[in-house]
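Colleague: got a predicted structure plus its sequence, pasted below:
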Amino acid sequence: MSKYNILMSLLCITILCHTIDASAQRRTTNKKEPVIAKVDSTEIVLTQTKGAPVAPFIDTLFLIHGGVGSFTVDQRASAIEDKIRSLEEYPLFNPDSLKLVEFSDQINIVYDDQKYQNSRIIISIDTLQAQIYGRAKLDLADSYRNIIISAIEKRHYETGWKRIGLQALFVILIIAGEYFFLRGFRYGYRRLKIFVRKQRHKKVKGLFGIIEAEKAEQIIFALLKILRFVLIVASLFVCTLLFFKIFPHTTGISDQLLNYVISPVKKVAVSIKNYLPNLFTIIVIAFIFRFVKKFLRSITDKISDNKITFKGFYPDWAKPTYNIVIAILMVFTFIMIFPYLPNSDSQIFQGVSVFLGLMISLGSTSVIGNIIAGFVITYMRPFKIGDRVKMDDTVGNVIEKTALVTRVKTAKNEVITIPNSSVMSTKTVNYSFSASQYGLILYTTVTIGYDVPWRLIHELLLKVAYKTENLNRKQKPFIMQTAFEDFYVEYQLNVFTKDANKMNDIYSDLRKNIQDVFKEAGIEILSPHYRVNRVVNIHEFNEDPQTEDASGEG
């Protein structure tokens, strides 16, 4: 918004306030002034009967009790207000002319001036009025006289030319202050934007490393615009309060506007003050939970590193057990903290809690199933990190176990994620456990024709086993004849290894060595339903056969 529009708005408010003040002074005696707020300026407290307030100039001067003749107490109070206002508007008002005159059983407050044309009796104090307050009639009448004089003199001061001059001066100062504030704020805002642009690739980049410098700059500018708007609105609000506070007839508006801001702040402050004991309790509970969590974390780390051992408790159980205990402690802590939360006993809070619980229970069935399966897998220990396993058709090393999934890395560097519920529902082969406990048996099959003696084949296969590396020499290899086919016999070479991670290398070495050894021996390896017929000696392998016929059979 333009600063000139703001200044024009402030000027309009000033003119409006003067108009309100002038119209209040020109009221007739038959028209009561609208009372914005009636504040009892006396120290009289009425406890016996209810009275009507006399408030000719906004503030209540005193209370009137009991009617006179056909006048009710409210009509009597209204008539007294009109007389006091008429007396205030009399240009020759003299406080000394306001006197006390005793008449019959009452004391009248009379304005004794021959030039005053209106009713000279302002108010009459009777015995009933004096008895209600427990004071003498003369004493009460003198008190009312002093109150009326003070109210009229205060009114004269507020509506005098000197007062108007001071009000005009204050208005000018407020407008000037707001003008210079807006100019200074505009200058500072521009300088701040220039500073931010200069820091784009320096501090801005360092503060917002997760986003681009241009995006960070846009965010800062957006925050600056919001701050500018808030400060401008706040300054205009303060100016409005000051404008209304200057003029007597708009003081109530100023107080009401200020109350709109102060009242919520007071309520928040009182709420915070009342909540401090509960907050302190929550802090103590949270501190205890944090201390217990650190202690359990220290114990868990020592168990994981085998610095602390328990019989029958494996180190890889430490972290899952820690997670379970912490989850239970968190639930227990929340249950303890819940009654101390603000409005925790309200129906809305309880309804939201039930709704969230229902949403979680309905939407997390599979998640909970995987979590339970994860804990079962952890304590069953079918495998651990680094083990060579086979799950369904997946063969690889376990690289990660979480509460939800298990990740396996294959020989081709493929990372496969398997839900724990699937792991529980399928069979799992742990090659590493078998290798370490019993020695893993690796086997390969070779097919040789019926014309080659089986004892020779056994010798050659044992030779293959002794040539292959990464095998367990303490466990002797063995050969089994597994099948008689139409054209050949199946021989199975079985070897032992302690290193399951070398399975692929061992299989490859076995097959290479079988080819080399049988080639050196001049024995042909037959594939199923395929045979090469050569004109050669069965014990001599010729690299260049004279004739070669291939035929597929079966």
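Modeller: It's in. These numbers were taken from a predicted model, which means no experiment stands behind them.
Colleague: need the next SSE after the helix or strand F355 falls within, C-terminal direction.
Modeller: Using DSSP states H and E, F355 sits in helix 347-363. Following helix 347-363 in sequence order, the next helix or strand is helix 365-380 (DSSP H and E).
Colleague: what mean pLDDT does that following helix have?
Modeller: For helix 365-380, mean pLDDT is 79.
Colleague: now it - C-alpha only, CSV.
Modeller: Output of helix 365-380 as CSV, limited to C-alpha atoms (Å, rounded to 0.1, in the frame of the first residue of the first chain):
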residue,chain,number,x,y,z
THR,A,365,-2.2,-55.2,8.9
SER,A,366,0.5,-56.2,6.4
VAL,A,367,3.0,-54.0,8.1
ILE,A,368,2.3,-55.5,11.5
GLY,A,369,2.5,-59.0,10.0
ASN,A,370,5.9,-58.2,8.5
ILE,A,371,7.1,-56.8,11.8
ILE,A,372,6.1,-59.9,13.8
ALA,A,373,7.7,-62.1,11.1
GLY,A,374,10.9,-60.0,11.4
PHE,A,375,11.0,-60.6,15.2
VAL,A,376,10.4,-64.3,14.7
ILE,A,377,13.2,-64.5,12.1
THR,A,378,15.5,-62.6,14.4
TYR,A,379,15.0,-65.0,17.4
MET,A,380,14.8,-68.1,15.3
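Colleague: so it versus helix 347-363, what angle?
Modeller: Interaxial angle of helix 365-380 relative to helix 347-363 (axes from the mean of the first three to the mean of the last three CA atoms, to 10 degrees): 70 degrees.
Colleague: residues making contact with helix 365-380?
Modeller: 316-317, 320, 324, 401-406, 419-421, 423-424 (CB atoms under 8 Å, 6 or more residues apart in numbering). Yep, even glycine has a C-beta here, placed from its N, CA and C like the rest.
Colleague: can you rerun that using 7 Å?
Modeller: W317, P320, T402, A403, L404, P419, N420, S421, V423, M424 (CB atoms under 7 Å, 6 or more residues apart in numbering).
Colleague: equivalent analysis for stretch 471-486, please.
Modeller: So stretch 471-486 is contacted by 439, 445, 454, 458, 461-462, 465, 489-498, 506, 554 (CB under 7 Å, 6+ apart).
Colleague: over to stretch 297-315?
Modeller: A318, K319, Y322, R381.
Colleague: tell me the buried residues in that stretch?
Modeller: Judged by neighbour count (16 or more other CB atoms under 10 Å), stretch 297-315 contains these buried residues: T300, I303, P315.
Colleague: in strands only, show me these.
Modeller: Judged by DSSP state E, the subset of these located in strands is empty.
Colleague: among those, which are in helices?
Modeller: Filtering these for membership in helices, criterion DSSP state H, returns T300, I303.
Colleague: so which of the buried residues of stretch 297-315 is the closest to L356?
Modeller: The closest of these to L356 turns out to be T300 (CB to CB; 30.3 Å).
Colleague: quick check, pLDDT for the closest one.
Modeller: 90.
Colleague: next one: A151
Modeller: For A151, the predicted pLDDT is 82.
Colleague: phi, psi for it please.
Modeller: When read as degrees, to the nearest 10, the backbone of A151 gives phi -70, psi -40.
Colleague: against Q75, how distant is it?
Modeller: Here A151 is placed at a distance of 21 Å from Q75 (CB to CB, to the nearest Å).
Colleague: same check, this time on R186
Modeller: Taking CB to CB, one finds R186 at 58 Å from Q75.
Colleague: so for stretch 250-257, what's the average pLDDT?
Modeller: pLDDT averaged over stretch 250-257 gives 79.
Colleague: tell me which residues of that stretch come out buried.
Modeller: T250, G252, I253, S254, D255.
Colleague: export those residues to JSON lines and tack on distance to T394 and secondary structure?
Modeller: Listed next are the buried residues of stretch 250-257 as JSON lines, based on distance: CB to CB, whole Å; DSSP: H, G, I helix; E, B strand; the rest coil:
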{"residue": "T250", "distance to T394": "82", "secondary structure": "helix"}
{"residue": "G252", "distance to T394": "81", "secondary structure": "helix"}
{"residue": "I253", "distance to T394": "78", "secondary structure": "helix"}
{"residue": "S254", "distance to T394": "78", "secondary structure": "helix"}
{"residue": "D255", "distance to T394": "77", "secondary structure": "helix"}
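Colleague: closest to L92 out of the residues you listed?
Modeller: Nearest to L92 among the buried residues of stretch 250-257: T250, at 29.2 Å, using CB to CB.
Colleague: alpha carbons only: can I get stretch 173-190 in CSV?
Modeller: Presented in CSV, the C-alpha positions along stretch 173-190 are these (Å, rounded to 0.1, in the frame of the first residue of the first chain):
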residue,chain,number,x,y,z
LEU,A,173,3.0,14.0,15.8
ILE,A,174,1.4,10.6,15.3
ILE,A,175,1.0,11.2,11.5
ALA,A,176,4.6,12.4,11.3
GLY,A,177,5.8,9.4,13.3
GLU,A,178,3.9,6.9,11.1
TYR,A,179,5.2,8.6,8.0
PHE,A,180,8.8,8.5,9.0
PHE,A,181,8.4,4.9,10.3
LEU,A,182,7.0,3.8,6.9
ARG,A,183,9.8,5.5,5.0
GLY,A,184,12.5,4.1,7.3
PHE,A,185,10.9,0.6,7.1
ARG,A,186,10.7,0.8,3.3
TYR,A,187,14.4,1.8,3.1
GLY,A,188,15.4,-1.0,5.5
TYR,A,189,13.4,-3.5,3.5
ARG,A,190,15.1,-2.6,0.3
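Colleague: next, the buried residues of that stretch.
Modeller: I174, I175, E178, F181, L182.
Colleague: list phi and psi for the fourth one.
Modeller: Note on F181: backbone dihedrals following degrees, to the nearest 10 are phi -60, psi -50.
Colleague: contact partners for it?
Modeller: F181 touches S235, counting by CB under 7 Å, 6+ apart.
Colleague: for V489, what are phi and psi?
Modeller: According to degrees, to the nearest 10, V489 has phi -110, psi 140.
Colleague: list the contacts of it.
Modeller: Applying CB under 7 Å, 6+ apart, the residues contacting V489 are T447, I448, Y450, W454, Q481.
Colleague: for it, list each beta-bridge partner.
Modeller: Residues in a beta bridge with V489, per DSSP bridges, are I448, F484.
Colleague: per-residue pLDDT of it, please?
Modeller: On the pLDDT scale, V489 gets 93.
Colleague: quick one on the thing from earlier: buried subset of the contacts of V489, written for ChimeraX?
Modeller: This is how ChimeraX selects the buried members of the contacts of V489, with burial counted by 16+ other CB under 10 Å:
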select :447,448
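Colleague: buried sites along the one helix or strand D82 maps to?
Modeller: Assigned by DSSP H and E, D82 belongs to helix 73-89. By 16+ other CB under 10 Å, the buried positions in helix 73-89 come out as 73, 76-89.
Colleague: tell me the two of the residues you listed that are most distant?
Modeller: Checking those with CB to CB, the most distant pair is V73 and E89, at 25.1 Å.
Colleague: would you mind listing which of the contacts of stretch 471-486 are buried?
Modeller: Buried subset of the contacts of stretch 471-486 (neighbour count, 16+ other CB under 10 Å): 439, 458, 461-462, 465, 489-491, 493-498, 506.
Colleague: could you report the neighbour count for I246?
Modeller: Neighbourhood size, I246 [other CB atoms under 10 Å]: 22.
Colleague: would you state the helices of the stretch 151-300 of the chain in chain order?
Modeller: 161-198, 203-207, 213-246, 251-304 (DSSP state H, counting those that start in this stretch).
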